[in-house]
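Enquirer: my questions concern the predicted model and sequence given below.
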Amino acid sequence: MLFRSYRRSPELNRALGGELTFHPIRVPSEITGQLDEGLQTYAPIRAVDGSVVGAYGIQHSIVAITERVGENQRTLGGSVAAILMVLFAGLIGIVQRASRELEWHNRAVTELHSLHEMDRMKSEFASTVSHELRSPLTSLIGYSELLLLRGPQEGQPREWAELIHRQSNRLSKLLDDILSASMIQDAAVEFAPHALDLRAAVARAISNIPSPENCITLSADLPPNLPAVMADREKLVQILTNLLTNAIKYSPNGGEIRLTATSVNGRVRLSVIDHGIGIHSAQLPQLFERFRRVHARTHPEIHGTGLGLYISRSLAELQGGILWAESEGPERGSVFHLELPLAPADAS
């Protein structure tokens, strides 16, 4: 309200004295058409030099201002909400895309790891089999050629025949291991578990072992009251034969190899104990992997495919048993434990 004269009031006088003043009044409402609470504001008018040359007054309706502020707030709130929804939707899209990409990368890494693992196993398989085949085949070919070219000499035919027999058995064992590993991998192993007296299985496994060399003593210590276990006879004999053969193989300096049996927590534990070259603690988790030979570099003279322990553990687990190894370190020997479930009391 310009060019309007105001009644001199204390507030106006203070404004003419240079102060900014406020005091409540009643003003016509721009919304309701009635008198609303309002506010009278007086402000000084200053010249260039800062001196007060007059004053002006402004009247507001508090209701109108409040309504406009509320309207502005609602408009602003709606705008902010819309902006937040857009941002949130965009953020969700980004997170979903990132999740899909991460999942794809994880699958790709897993597949790549599997491919690398398959390539590693194929390479190890080819290297192991070619190495294990080469030695017996060389002997078989060489001595058979000698027999063909030179004919039997005094005392030699039996020696050569024995060597050919040993190397043929070695080839047969290698092929049996490869076939067993393949059947385990394809879940094609058949079981016929029944109540089994361990004494007969242990005796059968020991009879499968050729006469040990290097002054090795092989013994079995089975208590007379040992309960029957639930197992497949042929698979159990195969496991025990593998464990005993390994113990002999990795005891190049001879010593005692002992097979013991005890009852532990409702199961029977068979232990094959040797005093051979031992196993480093870091290598224990790798013992039962396919084609893994932990002593391949340190003892290259000891032959093997790296399949025997893999087959043994797999056969043990498939009939409810467990197989693990312990060792105090290199040159401290090793112990292989096989636990099997007891046969039910009513099993024949």
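Expert: Arrived safely.
Enquirer: give the buried residues for whichever strand or helix holds residue 174.
Expert: Using DSSP states H and E, residue 174 maps to helix 156-185. The neighbour-count check on helix 156-185 (16 or more other Cβ atoms under 10 Å) flags 160, 164, 167, 170, 171, 173, 174, 177, 178, 180, 181, 184 as buried. Where C-beta positions appear, they are placed from N, C-alpha and C, glycine not excepted.
Enquirer: from those, which single one is nearest residue 335?
Expert: residue 177 (22.8 Å; Cβ to Cβ).
Enquirer: I'd like the next helix or strand past the helix holding residue 174.
Expert: The first helix or strand that comes after helix 156-185 along the chain, using DSSP H and E, is strand 194-196.
Enquirer: re the thing from before, turn the buried residues of helix 156-185 into JSON lines, including distance to residue 8.
Expert: Converted to JSON lines, these look like this (distance: Cβ to Cβ, whole Å):
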{"residue": "160", "distance to residue 8": "140"}
{"residue": "164", "distance to residue 8": "136"}
{"residue": "167", "distance to residue 8": "130"}
{"residue": "170", "distance to residue 8": "126"}
{"residue": "171", "distance to residue 8": "126"}
{"residue": "173", "distance to residue 8": "123"}
{"residue": "174", "distance to residue 8": "121"}
{"residue": "177", "distance to residue 8": "117"}
{"residue": "178", "distance to residue 8": "116"}
{"residue": "180", "distance to residue 8": "116"}
{"residue": "181", "distance to residue 8": "112"}
{"residue": "184", "distance to residue 8": "110"}
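Enquirer: quick revisit: for the helix holding residue 174, name the packing helices and strands.
Expert: In terms of contacts (3 or more Cβ pairs under 8 Å, 6 or more residues apart in numbering; DSSP states H and E), helix 156-185 is packed against helix 62-150, helix 308-318.
Enquirer: ranking those helices by mean pLDDT, which is last?
Expert: If you rank these by mean pLDDT, helix 62-150 sits at the bottom with a mean of 64.
Enquirer: could you say which helix or strand contains the residue lying closest to residue 236 once chain neighbours are set aside?
Expert: Counting by Cβ to Cβ, 6 or more residues apart in numbering, residue 236 lies nearest to residue 201, which is 5.0 Å off, once chain neighbours are set aside. Per DSSP H and E: residue 201 is located in helix 198-207.
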